[in-house]
Each structure stands twice: as structure tokens, then as C-alpha cells.
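Asker: After the sequence you'll find the predicted model.
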Amino acid sequence: MPQSFAAFHRLAAVLFLGFASGLPLSLTGQAMQAWLSVDGVDIATIGFLGLVGVPYTFKFLWAPLMDRFEPPLLGRRRGWLVLSQLGLAAALFWMAGLSPSGAPGLFALAALAIAFLSASQDVVIDAYRTDVLDPRERGLGGSLSVFGYRLAMILAGGVALIWAEQWGSWAKVYQVMAGIMLAAAGVSLLTLPRVSSASKPLASDPKRELIGFAAMIAGVVVGWFLGRGLLGLLGLDAADPNKWIQLLFILAGIAGALPLAWWAARRVGFETLNRSLDSYFTQPAAWALLLLIVLYKLGDAFAGTLTTPFLIKGMGFLQSEVGIVNKVIGIWLTIFGALAAGALMLRINLYQALLAFGVLQLVSNLGFWLLAVSGKGAWGSFMLPPFDLGFVALDQATEIDGLLMAAIAFENVSSGMGTAAFVALLMGLCNHRYTATHYALLSALAAVGRIYVSPLSGVLSEAIGWPMFFVFSVAAAVPGLGMVWWMRGTILRLGEKR
């Protein structure tokens with residue numbers, strides 16, 4: 001009985017932390033897109049503002065500090081978790097007082113701060129989940145993490161749209177979300193189970209670690225300007241109104257920053273980062289696994305980056321209708337998808353889960369293509385009666401588009417199932433001594449699609465139109481499935497180690 005309760009405690013903590021992870025992500029994603037859309041910001045600019053999520057792809061740079069240092073009294077994992085959640089609450093309160101059109105610079109800065117703190121929280125949550133779960137619990141733990149994550153997206157990415165329309169204020173919505181993050185910090189402080197004593201920081205010189213980190217950051221800054229400066233020498237202008245040129249400058253800066261940061265960390269001696277990278281790259285097929293991680297969710301990322309602007313601005317649906325269909329009704333299907341994935345992963349191996357759920361992800365993108373070519377009302381509609389769930393209410397009967405409902409429901413289920421298998425894959429690749437750094441590196445690469453396709457998606461959708469854009473998203477999912485099939489032997493061996 002005590003062991004059963006301990007397992008329940010661990011899995012309940014994973015569920016809660018999945019929710020805490022998903023909330024701020026939605027608030028710099030779907031919810032922010034809706035706020036920008038109704039404030040009159042153009043689609044291409046909305047796409048570029050998706051770059052506030054850049055910290056999600058760079059979080060492995062500061063993750064080693066969270067592996068190496070321990071906040072006083074609170075513990076290595078729980079301490080960083082509480083601090084990041086308190087910071088998120090403060091940043092959300094700040095953002096609530098800003099206007100996207102009145103103070104665009106400050107608004108983007110606040111969104112960037114939220115993304116940085118959210119990425120930092122994710123570093124700790126991912127490490128905590130990997131450390132606290134027994135190997136046999138990872139499949140179900142990944143499913144529950146996705147379930148909690150999707151619940152947060154229902155609240156912040158769906159219910160928030162309904163609240164914003166009913167209250168007539170996005171500022172009030174973000175104030176409520178800040179309060180929720182403050183409460184999450186209290187729950188993390190008081191209720192989370194402790195991780196295994198096997199998860200201990202590297203015994204290295206703290207001062208040298210900090211000097212190495214500073215050198216690495218300097219490498220990032222210098223590399224960023226060198227990469228962009230090279231394009232300037234070629235006669236290109238970063239202020240060019242052409243969105244493709246702007247995107248090229250961003251990519252050139254990143255291409256210059258990462259190699260120079262790695263060189264500086266090696267040269268000066270950022271020991272925790274260096275040893276954690278050595279630990280990962282000594283395993284078989286390390287580089288191929290990184291490519292698989294980048295490609296697996298790429299098609300899903302293309303379809304998802306501009307879904308909200310597509311539905312509101314491209315198709316003309318109301319905020320409330322998108323919120324109801326996307327999140328409130330979809331909650332039951334999301335629950336089914338997350339739990340079905342966990343149950344199936346008790347019966348099938350990791351390779352089978354990644355392949356089957358990846359195919360479902362690919363097919364789900366065709367639902368948005370069908371909506372784009374068929375238009376509103378193609379599958380009829382139904383009337384949703386008024387309801388009051390306490391946290392959200394619908395004052396009057398609302399007409400719901402049938403094809404909209406079908407497309408979003410299928411996407412919610414399939415994406416949740418694919419993510420559950422994907423989380424189990426990432427946990428299996430981590431070494432407990434460097435869990436934060438390893439998982440941050442792997443999940444940062446997974447976020448490459450979601451973050452860096454955002455500006456490309458905005459430009460591409462304007463250039464080729466919505467139907468062809470979603471066809472392109474289907475094609476973008478194929479290489480990831482090919483990598484799963486090609487690496488089936490490696491994945492099967494990895495699954496046996498769980």
C-alpha cells in the first residue's frame with residue numbers, strides 16, 4: 001500500500017507539473033495570437049512575434065546551472081521550480097498592463113520574459129519528471145504530463161478566448177493567469193515528492209562553472225552579430241521590409257551564435273555542460289536521434305503555429321466559437337487521447353507508439369486543409385445550448401461549425417498521443433546526473449520546429465494561401481516518420497532500457 005501511494009503521489013505530481021508547463025506556453029502562443037489578431041496586428045507580424053519563443057530552443061545553455069547549483073533550503077529541483085513560477089506570475093502581471101498596439105516593444109519584451117521563465121520552468125519540470133519516475137512509469141507518466149499540459153492549453157488557449165470576449169479585456173485574463181501561476185508556486189513548495197538521492201550535481205568548481213557560463217554567453221552574443229554582419233557585408237539590410245530577408249538575418253545570427261558558444265564553453269571550461277554533452281554523444285546513433293527529434297513534430301508545428309489566426313482572420317470564426325470548439329468541447333477528446341496513449345504504451349513498444357501516433361499527427365493536418373478548401377458550413381452546424389461550468393459560461397445558444405469541430409477534435413487527440421510517445425523517448429535518452437541539461441537540449445531541438453517555423457509560416461501562408469500551406473504541413477511530417485522507421489532498431493533497444 002505505501003508503494004502504491006508513493007507511485008500515485010509521483011504520477012499526480014507529474015500531472016500537476018504538466019499543467020504548470022502548458023499554461024505560460026499558451027499565453028505566449030495561441031492566447032497571445034488571439035490578442036494580437038483582435039488588436040489589428042497583421043499575420044506576418046504575428047508570425048514574427050512567435051520568435052519570442054526563442055528561449056525554448058536555447059534553454060540548454062543555462063540548464064547546466066540548474067543541474068549544478070541548488071537554491072538554499074528548497075532543493076535542486078523544487079527550488080528552481082518555485083523561483084521560476086514566482087517569476088512567471090510577476091511577468092504575467094506586467095504583460096497584463098501593456099497594449100500590443102500601444103507599446104509593441106514593451107509587449108514583445110514582456111512576452112520574451114515570460115518565454116524565458118517558462119523555458120526555465122520546463123527545464124526543471126522535465127528533469128524532475130525524469131528523476132522522480134520509475135522506468136516502468138515513464139509511458140504513463142508521459143501520458144499524464146501531456147494530459148496536464150493539454151488541460152492548461154484548454155484553459156489558457158481556449159477558455160481564455162471566451163473570457164476575453166465576455167469580459168472585453170485581455171488584461172483581466174492575464175491577471176487571472178498570473179494568480180494561477182502564483183498558486184502553482186505554493187503547490188510546488190508544499191506538496192511535491194522529493195527526487196531520488198541518486199540525482200546529485202556534479203562536484204565541480206562553482207566559480208569556474210560561472211566563468212564558463214559567462215564565456216559561453218559572450219560567444220552567443222559575438223556569434224549572433226558576426227552571423228548577421230556577414231550578411232551585411234554581402235549587401236543585405238536587416239531593416240529590409242522583405243520578410244524573407246528579415247528571416248534570413250535571424251537564422252544567420254543563430255547559425256553564428258551556437259558554434260561560437262560551444263567553442264567558448266569548451267575553451268574556458270563550463271564543466272557541467274561539457275560533461276553532459278560528452279555523456280550524450282557517446283551513446284550509439286546520438287546524431288541521428290537528434291535529427292529524429294527535430295523532425296518528428298515538424299509537420300505538427302507547421303499546422304499549429306498559425307491555427308488561431310487562420311480560424312479567426314482566415315476563416316472568420318468568432319473568438320468564442322474557436323475557444324469553445326478548440327478547448328472546451330475538446331477537453332473530453334483530449335482526455336481520451338492522453339489516456340489512450342498511456343494505456344496503449346503499456347501494451348506496445350516505443351517504436352510502434354512513435355510510428356502509429358506520428359501517422360495520426362500527419363493525417364490530422366488534412367482536417368485544416370479540408371476546412372480551408374471547403375469553407376464554413378461545409379459539414380453543416382449544430383447549436384450548443386447555454387452552460388455554466390463555474391469557471392466558464394456560455395450565456396446563449398451558439399452555432400458551432402461541424403467541420404471546424406471535426407478538424408480540431410482530431411488534431412487534439414492525435415497530437416496528444418504523439419507527444420506522449422515523444423516524451424517517453426526523451427526521458428529514455430537522459431542520464432540522471434545531467435537530466436536538466438540532457439532533456440533541455442533534446443526538447444530545445446524539438447522546439448526548433450515550433451519556434452522557427454513560425455516566421456516562415458506567416459510569410460508562407462501569405463505567399464501560397466491557406467490550402468497549400470496545410471498541404472505543405474502534411475509533407476513536412478513525412479521525414480520524421482521516415483526517421484522513425486529507419487531507426488527502428490535503435491528505438492526498440494532504447495525502449496527495452498526504460
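Answerer: Everything's here; your move.
Asker: OK, contacts around Tyr434?
Answerer: By Cβ atoms under 8 Å, 6 or more residues apart in numbering, the contact list for Tyr434 reads 64, 67, 202, 272, 275-276, 279-280. Bear in mind the C-beta positions are built from the backbone N, C-alpha and C, glycine included.
Asker: how much space between it and Val82?
Answerer: Distance from Tyr434 to Val82, counting by Cβ to Cβ, to the nearest Å: 22 Å.
Asker: Could you find which two of the contacts of Tyr434 are furthest from each other?
Answerer: The most widely separated members of the contacts of Tyr434, counting by Cβ to Cβ, are Leu202 and Tyr280 (14.4 Å).
Asker: between these two, which one's more packed in?
Answerer: Each of Leu202 and Tyr280 has its neighbours counted (other Cβ atoms under 10 Å); Tyr280 has more, 19 against 15.
Asker: show me what contacts the more buried one?
Answerer: 286, 429, 431, 434, 438, 441.
Asker: What's the local residue count around the third one?
Answerer: Okay, so that is Asn431. 14.
Asker: Helix or strand: which one has the nearest residue to it once chain neighbours are set aside?
Answerer: Among residues not flanking Asn431 along the chain, Ser279 sits closest, at 5.0 Å (Cβ to Cβ, 6 or more residues apart in numbering). With elements taken from DSSP states H and E, the one containing Ser279 is helix 271-281.
Asker: burial count for Ile293?
Answerer: Counted by other Cβ under 10 Å, the residues lying close to Ile293 total 24.
Asker: is it true that it touches Ala446?
Answerer: Yes - Ile293 lies in contact with Ala446 (Cβ atoms under 8 Å); the separation is 5.2 Å.
Asker: returning to what we had before: just give me the closest of the contacts of Tyr280 to Arg136.
Answerer: Leu429 (17.1 Å).
Asker: Can you give me the distance of the residue nearest to the closest one when sequence neighbours are not counted to Leu354?
Answerer: Excluding its sequence neighbours, the residue lying closest to Leu429 (Cβ to Cβ, 6+ apart) is Leu442, at 6.1 Å. Separation of Leu442 from Leu354 (Cβ to Cβ) stands at 14 Å.
Asker: the more surrounded of the two?
Answerer: The neighbour count for Leu442 versus Leu354, taken as other Cβ under 10 Å, is higher for Leu354 (27 against 23).
Asker: quick one, phi psi at that one?
Answerer: With angles defined as degrees, to the nearest 10, Leu354 sits at phi -60, psi -40.
Asker: How is Glu399 assigned, secondary-structure-wise?
Answerer: Secondary structure, DSSP: H, G, I helix; E, B strand; the rest coil: Glu399 is strand.
Asker: Please tell me how far it sits from Phe310.
Answerer: As judged by Cβ to Cβ, Glu399 and Phe310 stand 19 Å apart.
Asker: what is the orientation angle of the helix or strand where the residue nearest to Leu429 lies with helix 271-281?
Answerer: Assigned by DSSP H and E, Leu442 falls within helix 435-464. Here the directions of helix 435-464 and helix 271-281 differ by 70 degrees (axes from the mean of the first three to the mean of the last three Cα atoms, to 10 degrees).
Asker: Show the average pLDDT along helix 435-464.
Answerer: The predicted model gives helix 435-464 an average pLDDT of 75.
Asker: returning to what we had before: now pLDDT and distance to Trp35 too, for the contacts of Tyr434, in CSV please.
Answerer: Output for those, formatted as CSV (pLDDT from 0 to 100; distance: Cβ to Cβ, whole Å):
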residue, pLDDT, distance to Trp35
Pro64, 84, 35
Asp67, 80, 35
Leu202, 64, 42
Thr272, 79, 38
Arg275, 81, 43
Ser276, 81, 38
Ser279, 82, 42
Tyr280, 83, 38
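Asker: need the residues you listed in CSV with distance to Trp94, can you?
Answerer: Listed next are the contacts of Tyr434 as CSV, based on distance: Cβ to Cβ, whole Å:
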residue, distance to Trp94
Pro64, 28
Asp67, 29
Leu202, 35
Thr272, 31
Arg275, 37
Ser276, 33
Ser279, 38
Tyr280, 36
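Asker: of those, closest to Leu151?
Answerer: Distances from Leu151 to the contacts of Tyr434, taken by Cβ to Cβ, are shortest for Asp67, at 28.5 Å.
Asker: looking at it, that closest one is touching Ala436, isn't it?
Answerer: Yes - at 4.4 Å, Asp67 counts as touching Ala436 under the criterion of Cβ under 8 Å.
Asker: Common neighbours of those two, please.
Answerer: Joint contacts of Asp67 and Ala436 (Cβ under 8 Å, 6+ apart) are Ala127.
Asker: Looking at these two, which is more packed in?
Answerer: The neighbour comparison of Asp67 against Ala436 (other Cβ under 10 Å) goes to Ala436, with 34 against 28.
Asker: can you map out the strands along the stretch 151-300 of the chain?
Answerer: Under the criterion DSSP state E, counting those that start in this stretch, the stretch 151-300 of the chain carries no strands.
Asker: low pLDDT regions in it?
Answerer: By pLDDT under 70, the low-scoring segments of the stretch 151-300 of the chain are 196-203, 243.
Asker: Please list all residues in contact with the residue nearest to Asn431.
Answerer: Shown in contact with Ser279 (Cβ under 8 Å, 6+ apart): 431, 433-434, 438.
Asker: redo that, cut-off 10 Å
Answerer: Residues near Ser279 by Cβ atoms under 10 Å, 6 or more residues apart in numbering: 430-431, 433-434, 437-438.
Asker: residues shared between the contacts of Ile293 and Ala446?
Answerer: 422, 425-426.
Asker: filter those to the buried ones?
Answerer: Among the shared contacts of Ile293 and Ala446, those classed as buried by neighbour count (16 or more other Cβ atoms under 10 Å) are 422, 425-426.
Asker: Out of those residues, name the ones that lie in strands.
Answerer: Taking DSSP state E, every one of those sits outside strands.
Asker: which of the residues you listed lies closest to Gly141?
Answerer: Distances from Gly141 to these, taken as Cβ to Cβ, are shortest for Leu426 (11.7 Å).
Asker: now the closest residue to the closest one other than its chain neighbours: how far from Leu17?
Answerer: Ranked by Cβ to Cβ, 6+ apart and with sequence neighbours excluded, the top spatial neighbour of Leu426 is Leu442, at 4.9 Å. Distance from Leu442 to Leu17, counting by Cβ to Cβ: 17 Å.
Asker: pLDDT weak spots in the stretch 301-450 of the chain?
Answerer: Residue ranges of the stretch 301-450 of the chain with pLDDT under 70: 327-332, 334, 387-394, 447-450.
Asker: ok, which stretches of it are strands?
Answerer: Remark: strands assigned in the stretch 301-450 of the chain by DSSP E, counting those that start in this stretch are 381-384, 387-388, 393-394, 398-401.
Asker: between the contacts of Tyr434, which is nearest Met95?
Answerer: The closest of the contacts of Tyr434, once distances to Met95 are taken by Cβ to Cβ, is Pro64, at 28.5 Å.
Asker: from memory that closest one sits against Asn274, does it?
Answerer: Yes - the criterion here is Cβ atoms under 10 Å, and Pro64 meets it with Asn274 at 8.8 Å.
Asker: So between these two, which is more surrounded?
Answerer: Between Pro64 and Asn274, Pro64 has the larger neighbour count (other Cβ under 10 Å), namely 31 against 17.
Asker: if I pick the more buried one, what's in contact with it?
Answerer: If a contact means Cβ under 10 Å, 6+ apart, then Pro64 has 123, 201-202, 204, 209, 212-213, 216, 265, 270-277, 434, 436-437, 440-441 as its contacts.
Asker: please redo it, this time with the cut-off set to 6 Å
Answerer: Pro64 is in contact with 272-273, 437, counting by Cβ atoms under 6 Å, 6 or more residues apart in numbering.
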